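Asks: fold the following and give me the result.
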Amino acid sequence: GKQAMAQMDSLIRKDSLNFGFWFRKAQLQETGKDTAGALNSYRYAIRIYPSPDAMLAAANLFAEKKDSAALLICKQVNGFRLGREYEAHTNFITGVYYARKGMHEKAVAAFNSCIADNLFYTEAYMEKGFLFYDAKKIKEALAVFETLTKLRNTYPDGWYWYAKCKEGLGLPQDAIPAYQKALLLDPKLTEAEKALQRLGAK
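Replies: Numbering: from 1, shown residues only. Sure, this is the predicted structure:
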């Protein structure tokens, strides 16, 4: 935390044009929930060296803040033609931006493009599932989480949300084993434990 940050600051004082130092500082600020500071540091890093990874990290923060700078940066990164892995990232970030803005159709389209680039992009399934779930489209949400549990059998959050959808559809007998699986994969998933107690299975 504070020690690591002080160390980065002293390194930057000695070598203020070091991309790696600014990038690391931005990551520390992001972890510490200092979004404004992180964006500032990413900006410095990108000025020194327009690394696509630093640009995407900044774009991600902009997207969470509903700032359209996210879309601009994604466009720039796409211009580098770095291939499908990076296209998946820019599509994901574009989706997050639209999701936070409440533009659900555009968000789902972007998450679908992300998944088309990378079938195993877990976060895209999660975000897409949340959009359907929040819109009370539980069946559509279930289909998304069901696909995710098939692709990533050991991902606890996938099983938890699969169970939540089953419960939402009035199918506790299907929800219980899925909650149990989620809890088995992540014993710290207290929401799954609470759900099992609520369903009288704990």
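
Asks: all contacts plus neighbour counts: C-alpha atoms, from now on.
Replies: OK.

Asks: Lys2: neighbour count?
Replies: Using other Cα atoms under 10 Å, the number of residues around Lys2 comes to 9.

Asks: for it, grab phi and psi.
Replies: Lys2 adopts backbone torsions of phi -60, psi -40, taken as degrees, to the nearest 10.

Asks: equivalent analysis for Asn153, please.
Replies: Main-chain torsions, Asn153, degrees, to the nearest 10: phi -60, psi -20.

Asks: how near is it to Ala178?
Replies: Applying Cα to Cα, to the nearest Å, the value for Asn153 to Ala178 is 11 Å.

Asks: show me which of these two is the more surrounded one.
Replies: Ala178 (24 against 14).

Asks: next SSE after the helix or strand where that one lies?
Replies: Using DSSP states H and E, Ala178 maps to helix 172-185. Using DSSP H and E, the helix or strand that follows helix 172-185 in sequence is helix 190-198.

Asks: mind giving me the packing neighbours of that next one?
Replies: Helices and strands touching helix 190-198, by 3 or more Cα pairs under 8 Å, 6 or more residues apart in numbering; DSSP states H and E, are helix 172-185.

Asks: same question for the helix it packs on: list its buried residues.
Replies: Judged by neighbour count using 16 or more other Cα atoms under 10 Å, the buried positions of helix 172-185 are Pro172, Asp174, Ala175, Ile176, Ala178, Tyr179, Gln180, Lys181, Ala182, Leu183, Leu185.

Asks: any idea how far the closest residue in space to Lys166 that isn't next to it in sequence lies from Cys165?
Replies: Leaving aside its sequence neighbours, Lys166 sits nearest to Ala175 (Cα to Cα, 6 or more residues apart in numbering; 5.2 Å). Note on Ala175: its distance to Cys165, by Cα to Cα, is 8 Å.

Asks: do I have it right that Asp157 meets Leu184?
Replies: No: checked against Cα atoms under 8 Å, the pair Asp157 and Leu184 is beyond contact range at 11.4 Å.

Asks: that older thread, correct me if wrong: the residue nearest to Lys166 contacts Gly168.
Replies: No: counting by Cα under 8 Å, Ala175 does not reach Gly168; the two are 9.1 Å apart.
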